[in-house]
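Peer 1: generate coordinates for the sequence data below:
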Amino acid sequence: MTQADRPDGYDAVVVGGRVAGASTALLLARAGHSVAVVDRVRFPSDTLSTHLIWPAGVIQLERWGLLRAILDSGTPVLSTIRNDVDGIVFETPVWAESGVEAVCAPRRTVLDPTILAAAERAGADVFDGVTVDGLSRDRRGRIDGVVGHRDDGRPLRLAARLVVGADGWRSRVARDAGAASHDEYEPSNAIHYAYWSGLDDRGVELWFRSHGLMAGVFPTNDGACVYVNCRSARSRELRSDLDRNYLRFVAEAAPDLAARLATATRTSPVRGTPGLPGFVRQSHGPGWVLVGDAGCTNDPASAHGITAALRDADLAARAIDAGFRDPAAAQEAMQAFEDGRDRSRPLYDLGWAMASYEWDAPTMLDLQARFSVELVREARETADLPTWPSRLPDAPSRVA
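Peer 2: Residues are numbered from 1 along each chain as shown. Reported below is the predicted structural model:
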């Protein structure tokens, strides 16, 4: 599809084709709106990720008819979570009271293309290999589309009634729209991980050490993701010899895990970040709306980023759909989206409390208990949302 095929533009142009953007495009297209998605990469493409999808996210994928395809790709079903907090070891089942008895942690080379392909089937036009250089505005100064260029250098302009920024924490849409941010956190948690094969599957495993380390295992497609976190102040030490120090830090955080890795095989380079900033941004303005990390960046310690992106997509798409159908109701609908997003604010704050490393074992156990309560609340609230209008006959499939 070229812009010449839509001389009047789209209802919505979504900048960013990963979880938040692809999901928003999927829902809007299913509701009958014309949608374009642009992303600078070509899919399938990997990205830094916490992988885990908490119960509310599982509910969303199930209701949208996408969960079965993700599981059929070889994504393991995860029904238990094992915790080790300074030697206090306990295993809990995924919370049945959430309405979900198992979670999953798909590779992003599986999750993102699955959602994006569903958006295309629903009628969205996907422009990958496109870098957005900025936003365009009409004579009144209202945002009315995006300008950019393809990876072969050809320019591209897409006009739209609304631009959705799903382009991550460095969001170009947020910057050009002038979105204000608040409740900010400085980077405090360096995260590094690699993929392994041959590691015995014990479900989700988490280690927390009050001297400033965390580690974990998320079984995923073709093996497991094994991560180690440390204070951002130690990231230079870790990254000075990443291959050696990754294993050294894992051994410091979880000696029992390090022993098991000795008989497993690392199948990827070590990837990571010395830390991410946290913030909550203004979610919308004239001609624009932000979803996922573009609107609120969680620290990866919470592993809540994917679930938050799915939540934002659902709530934002409902607001956008309402505003398109009744422009007089647009502002109220957008405020309802922001209010819904911010009801998960406790998960944001709890994640950053974990990432601070300003805790001892009793404090971490309390943080985990409160986090679990919020995950259950979020899942129940998600399950209570009305069914999304769909033109597609995709049948949902349940995680058993």
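Peer 1: name the element the residue positioned nearest the centre of the chain belongs to?
Peer 2: The chain has residue 306 as the residue nearest its centroid, 2.5 Å off, counting by C-alpha atoms, centre = their mean. Following DSSP states H and E, one finds residue 306 within helix 305-325.
Peer 1: show me what counts as buried in that helix.
Peer 2: For helix 305-325, burial by neighbour count (16 or more other C-beta atoms under 10 Å) applies to 305-324. The C-beta positions use only the backbone N, C-alpha and C, and glycine is treated the same way.
Peer 1: how about stretch 203-222?
Peer 2: For stretch 203-222, a neighbour-count test (16+ other C-beta under 10 Å) marks 203-209, 213-221 as buried.
Peer 1: how far does stretch 99-109 stretch from start to finish?
Peer 2: Taking C-alpha to C-alpha, to the nearest Å, the first and last residues of stretch 99-109 lie 27 Å apart.
Peer 1: could you do stretch 22-36 as well?
Peer 2: One end of stretch 22-36 to the other measures 10 Å (C-alpha to C-alpha).
Peer 1: what is the mean pLDDT for the longest helix anywhere in the chain?
Peer 2: If you go by DSSP state H, the chain has its longest helix at helix 361-383. Averaged across helix 361-383, pLDDT comes to 97.
Peer 1: leaving out chain neighbours, which residue sits closest to residue 162?
Peer 2: residue 12 (4.8 Å; C-beta to C-beta, 6 or more residues apart in numbering).
Peer 1: hey, what's the one you found bridged with?
Peer 2: residue 35, residue 162 (DSSP bridges).
Peer 1: please look at it and residue 29 and confirm they touch.
Peer 2: No. Between residue 12 and residue 29 there is no contact under C-beta atoms under 8 Å: 9.1 Å.
Peer 1: ok, the residue nearest to the centre of the chain to residue 142 distance?
Peer 2: 32 Å (C-beta to C-beta, to the nearest Å).
Peer 1: what do you get for residue 224?
Peer 2: From residue 224 over to residue 142 (counting by C-beta to C-beta), the distance is 48 Å.
Peer 1: and those two? Which one has more around it.
Peer 2: With neighbours defined as other C-beta atoms under 10 Å, residue 224 and residue 142 compare such that residue 224 has more, 28 against 13.
Peer 1: so the more buried one lies in a strand, does it not?
Peer 2: Yes. Read with DSSP: H, G, I helix; E, B strand; the rest coil, residue 224 is one of the residues of a strand.
Peer 1: so where do the helices sit in the chain?
Peer 2: Along the chain, counting by DSSP H, helices occupy 19-30, 55-63, 67-72, 108-121, 172-177, 235-239, 242-253, 255-261, 305-325, 330-342, 345-355, 361-383.
Peer 1: need those helices in a markdown table (columns: distance to residue 155).
Peer 2: Formatted as a markdown table, these follow (distance: least, C-beta to C-beta, whole Å):
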| stretch | distance to residue 155 |
| --- | --- |
| helix 19-30 | 21 |
| helix 55-63 | 36 |
| helix 67-72 | 35 |
| helix 108-121 | 23 |
| helix 172-177 | 16 |
| helix 235-239 | 38 |
| helix 242-253 | 39 |
| helix 255-261 | 49 |
| helix 305-325 | 27 |
| helix 330-342 | 30 |
| helix 345-355 | 38 |
| helix 361-383 | 40 |
